[in-house]
Structure formats: C-alpha cells, structure tokens
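> Make a model of this:
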Amino acid sequence: MSDYLDCVTVEHNPSCKDIDHAVIWLHGLGASGHDFEPVVPQLGLAQDLAVRFVFPHAPQIPVTINGGMVMPAWYDILEMSIDRKVDIVQIEKSAQKINDLIEREIERGVPAENIVIAGFSQGGAVAYHVALGHRQKLAGLLTLSTYLASNDHIDYSEANKEMPIMINHGTHDPVVPAILGEKAYRVLEAKGYEVVYRTYPMAHQVCMPQIHDIGEWLNEVLG
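Numbering: from 1, shown residues only. Okay, here's the model as predicted:
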C-alpha cells in the first residue's frame, strides 16, 4: 500500500452520479492543499459533471533560498535566477507521489483519461513532470505562474502527445517572470503539443477572469 500524501478533497456535484472525473491540483511553495480549495465553487463547472478535486499537501523540507527553513515544498529552491538550477531528484520524488494519487483515483473508478493535473508555481513544475511523462492518456494539464523546470529530465510520453495543455501567467509576476511561462509554451509548441497560453495583468497570484477561463477550459476537457 502506498504512503499517500495528505490531501484536501472537494467534490463538485457528487449527488449527480458517481464521481468519474478528477483534478489533482498542486499548490505553491510554503502553501498547503487548502490554497485552491475556495476556487472550486467559483469555476462555474457544468452541473452534469461529477468531479473530485484533490489538493495534496507538499512534504515539509528545508528550502535553500529561505535560509534552509523547513516548509511545505515540492522540491528545494536552490537559486532564483532565470536559468535557475533545480532539485531534479526531489522533483522526481514528488512526481512519484502524484503518480500514486493518479493510481488511487483510477482505483476509485476514475479513468486516467478523465484526470487533469494542475499546479501553481512550484506545484506547476511538478505537474509538468507528471503529466508530460505519464504513460496513460490524461484529460489535460493546467499550469499556473510556473516554469518547465525538468524539460531535460522528462521521458515524454507518446500517450499524452495530444493532451490539452493550458498555461496561465501574470504579466507582473516578480517571483516567476512571465518570460518563463512563455518559454515553456514555446518549448511545448515546438514539440507539437496543442497549448493555450494566456496572460493576465497580475502578480504571482490568480484572478477572477483567469478562474472563469480555467472553468471554461475544465468544462471542455472534462466534458
């Protein structure tokens, strides 16, 4: 039996029918699974969709850029430069924990092709690693205010070459500059992926117009 990450779970429309769709959504550095919990009712999801939102809590680890302070993190942040060196070993460990959650959803009756992987900031970097390398076809990949940290270490999966991808970024983001979101978009587009890239006049955060756009996208890829 896997040692699953602790998760916050929110179900949209569970009374409609058995849950047969899932969104596994990863928070950013220093946050928790509760971070995006309030977003679910604001998405405007279709009433005939039965969706389980799974918001895992990252493990507590020391973070170099914060003086080695222990906090919720998917991997260590070693530096803040544009071409930042990343902790690939820990990204891969966190990705395996998310793959375990995918398998748990499948065991609960949600087909892999009905599962979306989403992530904000650090969580988005892990979401890229999980979804682009996953061996079963997934419903989609949503990345918010993040960067493609592990491009050279992803074993890109043929099963997800046609997976819908949406990348969102704030044009005034001081933490993960928008150029990194655009770089991920260009890399994936060059590899032949169908990617929607949207920017919003915001910092390192989410905003209501974006939440509405995410809801429309989820209705499309899960519907």
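
> Now do the contacts for the residue nearest to G44 when sequence neighbours are not counted.
Excluding its sequence neighbours, the residue lying closest to G44 (CB to CB, 6 or more residues apart in numbering) is G215, at 4.3 Å. Where C-beta positions appear, they are placed from N, C-alpha and C, glycine not excepted. Contacts for G215 (CB atoms under 8 Å, 6 or more residues apart in numbering) come out as Q42, L43, G44, L45.

> and G215, that one's in a helix?
Yes. Assessed by DSSP: H, G, I helix; E, B strand; the rest coil, G215 belongs to a helix.

> That one and H129: what is the separation?
Going from G215 to H129 by CB to CB, to the nearest Å gives 25 Å.

> now do P177
20 Å.

> between these two, which one's more packed in?
Taking other CB atoms under 10 Å, P177 and H129 do not tie; H129 has more neighbours (29 against 17).

> what about that one, helix or strand, and which?
According to DSSP states H and E, H129 maps onto helix 122-133.

> same for that helix, what does it pack against?
Using 3 or more CB pairs under 8 Å, 6 or more residues apart in numbering; DSSP states H and E, the elements in contact with helix 122-133 are strand 21-26, helix 88-107, strand 115-120, strand 140-144.

> Distance to V10, mean pLDDT and mean neighbour count for these - can I get that in a markdown table?
Below are those laid out as a markdown table (distance: least, CB to CB, whole Å; pLDDT from 0 to 100; neighbours: other CB atoms under 10 Å):
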| stretch | distance to V10 | mean pLDDT | mean neighbour count |
| --- | --- | --- | --- |
| strand 21-26 | 9 | 98 | 28 |
| helix 88-107 | 14 | 97 | 17 |
| strand 115-120 | 13 | 98 | 27 |
| strand 140-144 | 16 | 98 | 26 |
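
> Quick one: closest of these to G223.
Closest approach to G223 among the helices and strands packed on helix 122-133 (CB to CB): strand 21-26, 9.0 Å.

> name the helices or strands packed onto whichever helix or strand comes after that closest one?
Per DSSP H and E, the first helix or strand lying C-terminal to strand 21-26 is strand 51-56. Under the contact definition 3+ CB pairs under 8 Å, 6+ apart, strand 51-56 sits against strand 7-12, strand 21-26, helix 88-107.

> got the contact list for strand 51-56?
5-14, 19, 21-27, 33-37, 40, 45, 97-98, 101, 105, 108, 110, 218, 222.

> coming back round to it: indicate which one of the helices and strands packed on strand 51-56 is closest to D173.
Within the helices and strands packed on strand 51-56, the stretch nearest D173 is strand 21-26; the backing value is 17.6 Å (CB to CB).

> now the closest one: how far from the chain's centre is it?
For strand 21-26, the separation from the chain centroid amounts to 8 Å (computed by CA atoms, centre = their mean, to the nearest Å).

> Same question for stretch 194-201.
Its chain's C-alpha centre lies 15 Å from the corresponding centre of stretch 194-201 when counted by CA atoms, centre = their mean.

> Other residues contacting that stretch?
Residues contacting stretch 194-201 (CB under 8 Å, 6+ apart): 162, 164-172, 178, 181-182, 185, 188-189, 207, 209-210, 213, 217.

> what about the closest residue to Y147 other than its chain neighbours, how many neighbours?
Spatial nearest neighbour of Y147, chain neighbours left out: L180 (3.8 Å); criterion: CB to CB, 6+ apart. As a burial measure, L180 scores 20 neighbours (other CB under 10 Å).
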